[in-house]
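Peer 1: next one to model:
(one chain, ligands or ions: 2)
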Amino acid sequence: MKIVFFIDFDGTITKKDTCVAMTEAFARGNWQELEYKWQKGELSTAECARETFKLFDVTEEELRKFLIENIAIDEHFISFIEFCRQKGHDIYILSDGYDFNIETVLGKYGIKGIPYFANKLLIEGRTFDIKCIHSSSACSRCGTCKAELIEKLKPENSLAVYVGDSYSDICASKKADIIFAKGVLLSHCRKNGIPAIAYNDFSDIINWANSQ
Ligand SMILES: [Mg+2]
Ligand SMILES: [Zn+2]
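Peer 2: Ligands and ions are numbered 1, 2, ... in the order given. Model prediction:
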């Protein structure tokens, strides 16, 4: 059966969540409360981002430099891409984070040609905004709702494999056939009786796919 991988970006491909890292570095004020409200579902991704961006003090160039200097990816992710290309497995990145962060970090590693779906980060001078072009009318929380994207992108008679780590992966966990999870997503799946495979890094995913 054809395997299609849907992969979260922040904290899954990257070791640190780039949205959290840039907020820690550049927000002045009590962003923690906003983050906590988002985690509890009291603020949507767009609402949380807009409130958090009011606290931001940084330019596009400074953010790019910060991401390049501070964000590393899973050591086995590049091998995973090569493996998928050899075997003909499709990969999509689904992110409730930002296009700018994805482009910058993948660019740093010379990774090209992986389609991604994410929120747009709009920067003008020191003013930041979010544009959610993949939100879903069925979901009031996500900026980029992964449930609808998986339904749209998954070919018939294929196995949709999702890899993720956190809150923004919860919608995806309702639609994927196989879930690889760590962190908050793993606890969520365990608590709610959703079958999930615990993993540490992308070498575990390669090993699994090799045995299919
Ligand atoms: Mg994540
Ligand atoms: Zn959603």
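Peer 1: could you use CA atoms for every contact and neighbour count after this?
Peer 2: OK.
Peer 1: wait, residue 102 sits on residue 9?
Peer 2: Yes: here residue 102 lies in contact with residue 9, judged by CA atoms under 8 Å, at a distance of 7.4 Å.
Peer 1: okay, these two: which has more neighbours?
Peer 2: Neighbours were counted for residue 102 and for residue 9 using other CA atoms under 10 Å; residue 9 has more, 28 against 22.
Peer 1: you'd agree the more buried one is in a helix?
Peer 2: No: judged by DSSP: H, G, I helix; E, B strand; the rest coil, residue 9 forms no part of a helix; its state is coil.
Peer 1: separation between it and ligand 2?
Peer 2: Using CA to the ion, to the nearest Å, we find residue 9 at a distance of 16 Å from ligand 2.
Peer 1: same deal with residue 132?
Peer 2: 12 Å.
Peer 1: report whether stretch 11-30 contacts ligand 1.
Peer 2: Yes: on the criterion CA under 5 Å from the ion, stretch 11-30 is in touch with ligand 1 at residue 11.
Peer 1: next, the buried residues of that stretch.
Peer 2: Neighbour-count burial for stretch 11-30, with 16 or more other CA atoms under 10 Å as criterion, is recorded at 11-14, 16-19, 22-23, 26-27.
Peer 1: from these, pick the one nearest ligand 1.
Peer 2: Of all the buried residues of stretch 11-30, the one with the least separation from ligand 1 (CA to the ion) is residue 11, at 4.4 Å.
Peer 1: return the subset of the buried residues of stretch 11-30 lying in strands.
Peer 2: Per DSSP state E, strands hold no members of those.
Peer 1: now, among the residues you listed, which is nearest to residue 141?
Peer 2: Lowest distance from residue 141 to the buried residues of stretch 11-30 (CA to CA) belongs to residue 19, with 16.4 Å.
Peer 1: I'd guessed that closest one sits against residue 11; true?
Peer 2: No: contact criterion CA under 8 Å: residue 19 and residue 11 do not qualify, at 9.7 Å.
Peer 1: which single residue of the protein ends up nearest ligand 2?
Peer 2: Counting by CA to the ion, the chain gets nearest ligand 2 through residue 145, at 3.9 Å.
Peer 1: quick one: secondary structure of the closest residue to that residue other than its chain neighbours?
Peer 2: Closest residue to residue 145 apart from its sequence neighbours, by CA to CA, 6 or more residues apart in numbering: residue 135 at 5.3 Å. Taken by three-state DSSP, the conformation at residue 135 corresponds to coil.
Peer 1: dump the residue contacts of residue 135.
Peer 2: If you count contacts by CA atoms under 8 Å, 6 or more residues apart in numbering, residue 135 has them with 142-145.
Peer 1: do that again at 6 Å, thanks
Peer 2: 143-145 (CA atoms under 6 Å, 6 or more residues apart in numbering).
Peer 1: of these, buried ones?
Peer 2: Neighbour counting with 16+ other CA under 10 Å marks 143-145 as buried within the contacts of residue 135.
Peer 1: what about the residue lying closest to residue 28 once chain neighbours are set aside, neighbour count?
Peer 2: Closest residue in space to residue 28, ignoring its immediate chain neighbours: residue 55 at 5.1 Å, by CA to CA, 6+ apart. Look at residue 55: counted by other CA under 10 Å, it has 17 neighbours.
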